[in-house]
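[1] Predicted model and sequence follow; I will ask about them next.
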Amino acid sequence: GDSVTQMEGPVTLSEEAFLTINCTYTATGYPSLFWYVQYPGEGLQLLLKATKADDKGSNKGFEATYRKETTSFHLEKGSVQVSDSAVYFCALSIYNTDKLIFGTGTRLQVFP
Amino acid sequence: DTAVSQTPKYLVTQMGNDKSIKCEQNLGHDTMYWYKQDSKKFLKIMFSYNNKELIINETVPNRFSPKSPDKAHLNLHINSLELGDSAVYFCASSTPGAGGSTFGSGTRLTVV
């Protein structure tokens, strides 16, 4: 079945460090790919998305590129801030369903 | 002008009780969802409604009964609550194919 695999956390970084959170997927169709972020005590917010191969999603300094050949959608940021501390979820949806299948989430902790 | 709002935010109740969580969206979306987030932060879809019609039921116990009086509302009623029902429940909405869902801020249910 369709699934998403994320690297386990927590990821602990100093402020201004480079961030990568790995995400790979398995899907029978042609999925759209998403990164959602959950700040402490809050709901999920859509961070970025990509709907077809080679698309790059970007928002707030975060980027992820839809790589069909490696079935990956890794999240990157060049310089993290303390305010980026949150749980990040990679997710997919199959065209026309919009049902989201989530990875297990990766907690990011950024220290000053 | 909250896009997806759910009430209550917190719900503490005893085993065996019946409780409801309400959700409303003002985005004009056609589809609404309930997701469950367990204590390990794992998110899984429970139900999906499109224009008041149930389209996804992910093997959820019969004690859980969603109700959609109109396409802007999707409520979740839970009968005979069990300890294992303790979780955060998220409502979400989307327009199919638009890419991504908008989530509410969650309802933390604690069964004691």
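    Good, I have the coordinates. Numbering: from 1, shown residues only, chains lettered A, B, ... in the order given.
[2] Apart from its neighbours in sequence, what residue is nearest residue A:45?
    Counting by C-beta to C-beta, 6 or more residues apart in numbering or on different chains, the nearest residue to residue A:45 once its immediate chain neighbours are dropped is residue A:37, at 5.4 Å. C-beta here means a position set from N, CA and C on the backbone, and glycine is covered the same way.
[3] tell me the contacts of that neighbour?
    A:44, A:45, A:47, A:86, A:87, A:88, A:89 (C-beta atoms under 8 Å, 6 or more residues apart in numbering or on different chains).
[4] quick one: what helix or strand has it in it?
    strand A:31-38 (DSSP states H and E).
[5] neighbouring strands for that strand, and are they parallel or not?
    strand A:44-50 (antiparallel), strand A:86-94 (antiparallel) (DSSP bridges).
[6] Need those strands in a markdown table (columns: mean pLDDT and mean neighbour count).
    Shown next, in a markdown table, are these (pLDDT from 0 to 100; neighbours: other C-beta atoms under 10 Å in any protein chain shown):
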| stretch | mean pLDDT | mean neighbour count |
| --- | --- | --- |
| strand A:44-50 | 95 | 20 |
| strand A:86-94 | 93 | 23 |
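[7] What are the buried residues along the helix or strand of chain B with the lowest mean pLDDT?
    Here the helix or strand of chain B ranked lowest by mean pLDDT, DSSP states H and E is strand B:53-57, holding a mean of 84. Across strand B:53-57, burial judged by 16 or more other C-beta atoms under 10 Å in any protein chain shown covers residue B:56.
[8] Moving C-terminal from that strand, which element do we reach first?
    Following strand B:53-57 in sequence, per DSSP H and E, is strand B:64-70.
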